[in-house]
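1. Pasted the sequence and its predicted model underneath.
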Amino acid sequence: MAKKPTAAAAAKAAAATEETFALRSLQEAHAANKRYAASDEELLHFYEQMLLIRRFEEKAGQLYGLGLIGGFCHLYIGQEAVAVGLQSALEAGKDSVITGYRDHGHMLAYGIDPKVIMAELTGRAAGISRGKGGSMHMFSTDHKFYGGHGIVGAQVPLGAGLAFAHKYRGDGGVCMAYFGDGAANQGQVYEAFNMASLWKLPIVFVVENNGYAMGTAVKRGSAETEFYRRGTAFRIPGMDVNGMDVLEVRAAANIALDYVRAGNGPVLMELNTYRYRGHSMSDPAKYRSREEVQEMRDKHDPIEGAKAELLARGVAEDRIKEIDKRIRSIVAESADFAENSPEPEMTELYTDVLVESY
């Protein structure tokens with residue numbers, strides 16, 4: 001005969017059920033209200049921001065091909081809805097952002113001048129890191145954008161540190177820390193999860209799952225492919241989001257940020273997205289078919305999706321064309337500015353370098 005559970009065991013089971021519910025509660029809230037009710041003007045703004053990132057990155061690819069951008073260069077083409085949808089919900093000047101080396105789009109989404117970003121890409125003195133950071137190491141404390149980090153996953157514990165600073169200062173800010181599906185298997189990520197949850201830090205961990213890390217399909221490199229579940233062991237609620245729909249991303253961002261700002265601790269968001277180009281400019285991306293990429297472009301492109309919705313709402317096509325024309329002009333100006341800016345002086349080699357003895 002089965003033993004009747006004790007009161008303590010029953011209480012423990014009830015508590016576990018309650019905790020499990022809490023961990024899935026944000027996903028349930030998201031499922032109940034999947035898309036942000038943007039006005040026409042808001043959606044036009046999202047469209048414009050995504051288009052700026054797309055055209056900027058296309059131009060960066062051209063300049064790389066011409067030899068004007070050296071080193072590594074990781075383009076954000078295809079993933080624009082993630083940065084725009086999430087960062088449109090942040091409070092500029094209050095909330096902080098940190099990411100890996102695919103960072104141009106996040107900077108543009110945070111309102112940083114395309115000219116200084118392009119100047120940095122081309123190694124010019126007018127660049128946001130004075131031409132010494134390049135594509136992978138952009139930084140702006142003025143905008144609370146903390147990189148641009150070349151070491152895979154390193155930005156995650158740094159993001160936890162930024163969140164600790166927000167909490168310590170009591171400034172009400174939240175850190176948004178991005179990392180990829182490849183970085184999700186780094187040990188330091190889970191150390192950061194544990195500390196952030198233990199101390200209830202105001203941070204949103206964002207996995208940009210573009211499916212291939214550097215070139216290995218998720219299912220071949222990860223035992224658990226549902227990355228939003230990865231925080232469960234640390235009592236971090238997760239959210240599974242379509243990263244190709246800017247309105248779904250924004251709706252999810254609102255839910256996550258409300259939870260974090262209320263003092264509940266971190267949230268882990270998985271944004272399922274897709275990069276159209278290789279991991280970097282030197283990657284021929286032979287690990288996937290052209291047909292697969294084309295299908296994503298044809299059926300799931302975030303910019304074309306937003307455009308179709310605007311037209312369905314009755315927004316004039318001429319207005320959309322005017323946005324496209326203006327964005328092309330802004331990007332062309334940024335490239336001209338970069339090409340005509342001087343390179344850093346040799347003395348810049350000795351600035352912003354730690355040389356003192358301790």
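-> That came through, no problem. The shown structure was predicted, so the numbers you read here are calculated from the model rather than taken from an experiment. Residues are numbered from 1 along each chain as shown.

2. And the contacts of whatever helix or strand residue 294 lives in?
-> Assigning secondary structure by DSSP states H and E places residue 294 in helix 290-300. Helix 290-300 has contacts (Cβ atoms under 8 Å, 6 or more residues apart in numbering) with 78, 244, 274, 276, 285. Placement of C-beta: from N, CA and C, glycine included.

3. Not counting sequence-adjacent ones, nearest residue to the first one?
-> Among residues not flanking residue 78 along the chain, residue 276 sits closest, at 4.1 Å (Cβ to Cβ, 6 or more residues apart in numbering).

4. Report how many residues lie close to residue 256.
-> Neighbourhood size, residue 256 [other Cβ atoms under 10 Å]: 28.

5. how close does the residue nearest to it when sequence neighbours are not counted sit to residue 202?
-> Spatial nearest neighbour of residue 256, chain neighbours left out: residue 267 (4.3 Å); criterion: Cβ to Cβ, 6+ apart. Applying Cβ to Cβ, to the nearest Å, the value for residue 267 to residue 202 is 10 Å.

6. before we move on, what about residue 65?
-> Distance, residue 65 to residue 202, by Cβ to Cβ: 41 Å.

7. Equivalent analysis for residue 247, please.
-> 25 Å.

8. for stretch 197-207, how far is the first residue from the last?
-> 17 Å (Cα to Cα, to the nearest Å).

9. Double-check residue 216 against residue 287; I have them as touching.
-> Yes. Contact criterion Cβ atoms under 8 Å: residue 216 and residue 287 qualify, at 7.3 Å.

10. element containing the nearest residue to residue 51 once chain neighbours are set aside?
-> In space, and not counting its chain neighbours, residue 51 is closest to residue 327: 5.0 Å by Cβ to Cβ, 6+ apart. Using DSSP H and E, residue 327 sits within helix 317-340.

11. List of residues touching that helix?
-> So helix 317-340 is contacted by 44, 47-48, 51-52, 55-56, 59, 63, 68, 114-115, 117-119, 121-122, 124, 126-127, 307, 310-311 (Cβ under 8 Å, 6+ apart).

12. Comparing residue 65 and residue 202, which residue is more hemmed in?
-> Neighbour count, other Cβ under 10 Å: between residue 65 and residue 202, residue 202 has more, with 28 against 10.
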